[in-house]
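Q: Would you be able to build a 3D model of this:
(4 chains)
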Amino acid sequence: MTATENPAAQQADQTYRPSTLQRFLPFVVAAVVPFILGATTDDLNFWWKAAITIAILALVARLAWKWTPRGELTHREDMRLWRTPSDRSWAALTMFGLLVLPFILASDFTPPMDFPWATWFAVVNLVLIFAMGAAAFNLLVGYSGQISLAHVAFLALGSIVGGIVGVQWSGGNMWLALPAAALAGAVVGAISGLPALRLKHLYLLLATFGFHFVMMLVWREYLQEYFGFVGIRFKGVNSPRIASWLHWLPGIDPDENGEFIITGQFRWYWVLMPITVLSILFMVNVIRTREGRAFAAVRDRDVSASLLGINVARSKLMAFALSSAVVAMSGVLASFYIGSRGEDSFNVQTVLNYAIIIVVGGFSSIQGAIFGSAFFWFLPEWFKWAREELWFVRDIEFLSDYPSEIDLAIKGFLVVIILMFKPDGLAGMWRDFKNWLSRSLARRNP
Amino acid sequence: MLNRWLKLAVVVFAFALIAAACGNDDDDTPAAPEPTAAPTEAPAPEPEATEAPAPAEEEAPAEMTVPDNPDNGVTSDSIRVGWMGDLTGPTASSQSFNSHGSEAYFECANRDGGALGRMFDYLPEDDQFNADNAAINFTKLTEDDKVIALVGLGGSHISTQLQPDIETLNLPVIGPPQTIDIQLEGDQYFNNLAHYGDQADLAAGHIGATVGGIENAVVMGISLEVPSGTEFAAYVEQSVIKGGGTYVNTLYVAPGATEVTAQMVELQSAIDDQGVNYVTLHGSPGAGLVVMQGMADVGITDVPIIGIHGIAANSIWTEGPPEVSDETFGIHSFLTANNDIEASAMMEECASLAGYDGEHLNLNFAHGFLNGYVFHQAVERAAETGELSRESLTEALKGSFDTMGITCPIDWSAFPYHSQCGAAFSLDAASGGMLAANPFAFYADSFDGEYGIEIG
Amino acid sequence: MSGGGLDLRIQDLTVVYGGVTALDNVNITVPSGGFVSVLGANGAGKTTLVRSITSLLYLHKGRVRRGSIVLGGESILGKKSPDIVSAGVAQVPEGRKLFPNLTVKENLLCGAASRSDVSGIDESLEQTLELFSQLRPLLSQTAGLLSGGEQQMVAVGRALMSQPTLLICDELSLGLAPKIVHRLFELLTEINETRGTSILVIEQNASLALQHANDAYVLELGRVLMEGSATELKGNPMVQELYLGGGGEAHTSYAAIERPSRSRPLEHGQRPPVTES
Amino acid sequence: MLLAFGNFTADPSVNLQLLIGGLALGAIYAVVALGFVLVYKSTDVLNLAHGEFLMLGAYFALTFLISENLNFFLGVFVLLLVMLVFGLVVHYGIMRRMVGQGFFAIVLITLGIATIIRALLLIFYGPTERARLDLLPQGSFEVGGATVRHVDLVIFGVVALCVLLFFLFFKYTRLGLHMRAVADDIEAAAAMGIDPDKVYAMTWAAAMVMAGVGGLLFGHVTGAIDRSIEAIGLRAFPAAVVGGLTSLGGSIVGGLVVGVIEQFANGHLGTKWREPVAFSVMFVVLLVRPTGLWGRKDLERV
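A: Next up, the predicted model:
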């Protein structure tokens, strides 16, 4: 049946037509950014890079076009990870960016206006770690509706497991610690989720907060018992390594001892990026499964969910276990990346930081966690840069006198403003922007 | 169709305009950073001094010149030096003074022409009591700013996390505000605070002198429940027992505690049962105040206190209950401007120049101030080798330095590089600054270098 | 105040929740001292109509897009709910909505929140208790523990405490035994006749509503489908079919009547509901 | 020595002192719990910023009573007035727009407010700690070998007075009745002509005044006035839950119970057990009797 014969299909097709342009949008944006940057720099190499970038983007765009389904979405298509062509092109663009960006940052690129590129590299790594933890937190709190303030307890759990398995037992084997932490996180997470079977909302929030304090006691005891004054050292002799059988991979060159020690921002990026991307894709995938949709059903109305044949208890515990496992893994990554975890690493402020991240990023969307953690870590750096470089900011003495305090105030104000006016957060704004742009571009072209 | 693209083009153009507007303003891209010797006494901004550096060079006096080393924070007009610590967060009240001291010193030094024809570019970074921030800040300082050294490094486990990188980069760190074992292992830490073990010895000596011989001392420790608190308590215990005194127990106070009733109950019963006649105290000034208020509340006013350098902050005496603070001493390795020292006038002047009036009476300010001064000396000494780099600076630091009387003469010629200097302080009500109970020399015996016990 | 009710005129009322239109060009008139009932199935927009009159839409993120609501010659659209109650509109909300943790007396007193004359309030309380005499022994009872019928009486009594000129009853019959419902409707008629209070009854139970009311409207999918006097509508075959469970001959006319549909083509200038994937 | 499990002592005077210290701490918890029970009861908002409000009160007390050196009663009046205005600002500026939003979003917005307050206090007061206040009667007396501070008695008195005032207010005034009605069912209350907006504004103002009183009192017993006193807001949760989140009187008893439990845990088990024990008690209460000792029944449970 062709689109013209069936009115319903025609309607579906019509809602689709604008998206042919929509699919180009990411590439247009991607092409614009280098030009903007290029306009502010004298670096000739930059134009080459920009040209190559655009060429590759054009290629990807051509492929995206080719993959575009015509007409209605079938159920199979609807269940795809990237359903629409625009989804697909954004995903392609993100992957491309993730792969190319570090090379740009690590090369001798001369940035305009003393831009602190190397710092941003460190920030990107932290964003990856936090995005993973925040996405898992969002899966639990936003998507599954199980309000929990215990996520930092699972970061601590990850650190403990990392300390036991990764440092005490194996002397710096992060690869052993990661699955161990996931396992421990799942088990302890399910246990911590038990109150959710009886409690809801406020009462669940308080119960999980209690769990946080109990976990902190465990953490402090462990720290003092085994590591004395300085906290666990994950760096130095305990730095993780890449297995020797992986050394054939391009770009992974062992040092003179035949070892590849993960150290420095560039190398860490290549470890953190795949793990984060995979774990976030994993969580997005879970949401699409029957199990994942049960989470949302339980969130919306658990009584009717149980009438639909969903095992509510199982679903809640699943959500807790899944989220905690990923958070614990991000705890391991953070420990090894930062290099040490001490008495102040898991305080209440950290709990609040994660809350800020998911609010600003956008509640109940996995994407929001990425936006949120990027914002959380980039804002201070951007603000620092603005204070130093931008004339209209530089002249305000008040801003330079209280930099960290104003960072904090901005974050607070943003949380309030976003919750008041844009409860969907940055992810929602981004979606609105995309919709607005494609709609306003499409309006003249019925 | 065309309209759509037109719209897009307008958006793009607007973006580009905005970006260009931002970019044009401050486009001092180092397009031609000639490795010239910079003009000497000149205030640096020579208009487009790319082609003709010659006239300036002629007038150069016999001052040392070194080539630029942008990878090590030495550019044609500045020497970059970093500071990391907590300017906000629970430990900020002691650490921020440290940064202010360094900043004040560099303000003065720059007013007087800087060093080697360059200005000091002092870059303090706020860790906010958070190891993640510290990781970013360290990257910024070492990879973007490429500082030649750090004149401060806060937080015990923050220095732990950075130690491997500091060694790899051969980055000298002058005067980290914490003294923990980890800093004894690194060749890059130049510490001008006495080690915890020495401070414990000093405390034991002071206790002995007060109660008529250390063998008469019955000591109770009160520590913040953090690893460094445990460490200090263990050193005190060791020192007191070695001298023949009695160490009863260590009481722990939770960070952020607002009252310490239970600890005071235990202290009271230890006083009654075991005759405790001295208390050693560890923690931030805030925690110290909480303990002192607790003692005042239950009426323990006749047991003197001696605390570690975090406690040796003015606020302990100005804000604390007088009946307890009268008997309180804090151990520190520095003198403030109200003491009869060479640097008094300069510290006061620099403090007001930097906008930190009154802070020259604070021990941590003096510490930061001296860190700046030592760095200045080391830079000039390193320049004698003909190049200024992290390596040459590290080598230059392995020697002795003038301290203008702020602390004992520094001699870092033998590893481990830390101070052999300390005294017990209390507030001088007349001047509002900290005054040592006895000169540094009085306590010199306490610095026997014997510590480093295994704990935990 | 108690003599003679005010008339209510709703014109061209259009209400949206987010992107969804709940009421579409609704025109309803309650004459002074009249007894009007609005019939409709679930989702017809009845409760939205009440919320629009009493200005409680904001609690549900709805807003009036178009139209006017005039009470006694004065527009009440956009006024805050306390002002509307002061103007003489009282309501018995759907599902009674008593304050479960307050006593019966406190519940009744809450009904007089818009009044400030202390002696007048006492008088009204006495009048209300005369009307619902079985509430008298329950005065200090917690409202949440009463039976459904008693609760509905408290709810009506509470509404009367403000000495309304227009009383709106939303789904009075819901979940109650027919006997009690009959009694309540008789009471409403009595109030209507003795005090002259205008009454607007929103009902699913059409037979009862049409029995007591003078005029009636049929609301479906946010639009007024039919209007007329109660007797007129009672005789209408479609009403019989749909709301009165009427006889078989109505089937033909059922098909003949053009019913509004949500899937109708969008009007000019109207934006489609935003659906996001 | 690291795993010090404390020394269990049977010395009665020690236990008495712990009891008295616990009651003193509990009275403070009660002040805080009273503040957010008030807000929670009337507006259904779990106010995580209450610790910050209290800190704001303590710092304002410092400004008005110490720095500006106002007469005690005038200073307290100004303090409470400022807090009242601040409460109205919080309601009309922020919380008003949040009516109808999800539960967690409202919890998070209070976190945002808390963050803003912290940042502003840091900017205007700096990180340096200040001495505690000394305007209420200082000094102490001995009871059976234990010290009782006069300040603690004052705090007890003030807290009891507050509860009494609130009780009378809710039971016998029209506004109190309307506040209870709004707490029960906001829509029905609005339909009856009660302006929920006004009631909420009054609630926030009252809660903020309570925080001002709390800050003033807490400023007299904390060791030092600095950023760490905000933690009292979170630490008082067990008190509020044990007492029942909807009961004003319950929050007093809950505060005292939790204060004593904490103090005994601190004295007999060690300082690190303090929070875990308090929150474990809360946890058990939540599982066994989520309404707390006196809370309302109609709570959200599965």
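
Q: next structured bit after the lowest-mean-pLDDT helix or strand in chain B?
A: Ranked by mean pLDDT, DSSP states H and E, the weakest helix or strand in chain B is helix B:54-58, scoring a mean of 40. With elements assigned by DSSP states H and E, the helix or strand that comes after helix B:54-58 is strand B:78-85.

Q: by contact count, what packs against that following strand?
A: Of the remaining helices and strands, those touching strand B:78-85 by 3 or more CB pairs under 8 Å, 6 or more residues apart in numbering or on different chains; DSSP states H and E are helix B:92-111, strand B:119-126, helix B:131-139, strand B:149-153. C-betas here are computed from N, CA, C, even on glycine.

Q: Let me know the angle separating it from helix B:92-111.
A: Going by axes from the mean of the first three to the mean of the last three CA atoms, to 10 degrees, strand B:78-85 is angled at 170 degrees with respect to helix B:92-111.

Q: Just the C-alpha atoms of strand B:78-85, please, in PDB.
A: Provided in PDB are the C-alpha atoms of strand B:78-85 (Å, rounded to 0.1, in the frame of the first residue of the first chain):
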ATOM      1  CA  SER B  78      55.000  36.700  33.600                       C
ATOM      2  CA  ILE B  79      55.900  33.800  35.900                       C
ATOM      3  CA  ARG B  80      52.800  31.700  36.600                       C
ATOM      4  CA  VAL B  81      52.500  30.100  40.000                       C
ATOM      5  CA  GLY B  82      49.400  28.200  41.300                       C
ATOM      6  CA  TRP B  83      47.700  27.600  44.500                       C
ATOM      7  CA  MET B  84      45.100  24.900  45.200                       C
ATOM      8  CA  GLY B  85      43.000  24.700  48.300                       C
END
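
Q: Get me the contact residues on the stretch 151-300 of chain D for chain C.
A: Taking CB under 8 Å from any CB of the partner chain, the part of the stretch 151-300 of chain D that reaches chain C is made up of D:174, D:177-178, D:180-181, D:183-195, D:197, D:296, D:298.

Q: Which among those residues count as buried?
A: D:177-178, D:180-181, D:183-195, D:197, D:296 (16 or more other CB atoms under 10 Å in any protein chain shown).

Q: Now go through those residues and say which are in helices.
A: When these are checked against helices using DSSP state H, the ones located there are D:177-178, D:180-181, D:183-184, D:186-191, D:197.

Q: want to throw those residues into JSON lines with pLDDT?
A: Supplementary listing: those in JSON lines, determined by pLDDT from 0 to 100:
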{"residue": "D:177", "pLDDT": "89"}
{"residue": "D:178", "pLDDT": "89"}
{"residue": "D:180", "pLDDT": "86"}
{"residue": "D:181", "pLDDT": "88"}
{"residue": "D:183", "pLDDT": "83"}
{"residue": "D:184", "pLDDT": "82"}
{"residue": "D:186", "pLDDT": "82"}
{"residue": "D:187", "pLDDT": "82"}
{"residue": "D:188", "pLDDT": "85"}
{"residue": "D:189", "pLDDT": "87"}
{"residue": "D:190", "pLDDT": "85"}
{"residue": "D:191", "pLDDT": "84"}
{"residue": "D:197", "pLDDT": "86"}
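
Q: Show me the helices in the stretch 51-200 of chain C, by range?
A: For the stretch 51-200 of chain C, the helices defined by DSSP state H, counting those that start in this stretch occupy C:81-86, C:104-111, C:118-131, C:148-160, C:178-194.

Q: now for the first one, which elements pack on it?
A: Using 3+ CB pairs under 8 Å, 6+ apart, the elements in contact with helix C:81-86 are helix C:46-54, helix D:186-191.

Q: Just the C-alphas of that helix, formatted as PDB.
A: Extracted as PDB, the C-alpha positions of helix C:81-86 are listed here (Å, rounded to 0.1, in the frame of the first residue of the first chain):
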ATOM      1  CA  SER C  81     -12.100  31.700  43.700                       C
ATOM      2  CA  PRO C  82     -12.600  33.500  47.100                       C
ATOM      3  CA  ASP C  83     -14.100  36.500  45.300                       C
ATOM      4  CA  ILE C  84     -16.400  34.200  43.300                       C
ATOM      5  CA  VAL C  85     -17.600  32.600  46.500                       C
ATOM      6  CA  SER C  86     -18.100  36.100  48.000                       C
END
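
Q: Tell me the confidence at the residue in chain C positioned nearest to chain D?
A: Per CB to the nearest CB, residue C:85 is where chain C lies closest to chain D, at 3.0 Å. As summarised for this prediction, residue C:85 has a pLDDT of 86.

Q: ok, the closest residue to it other than its chain neighbours - contacts?
A: Using CB to CB, 6 or more residues apart in numbering or on different chains and skipping residues adjacent in sequence, the residue nearest residue C:85 is residue D:193, 3.0 Å away. The neighbours of residue D:193, taking CB atoms under 8 Å, 6 or more residues apart in numbering or on different chains as the test, are C:81-82, C:84-86, C:113-114, C:162.

Q: likewise residue A:169?
A: Residues touching residue A:169, when contacts are defined by CB under 8 Å, 6+ apart, comprise residue A:176.

Q: Having no further points to raise, I will conclude here.
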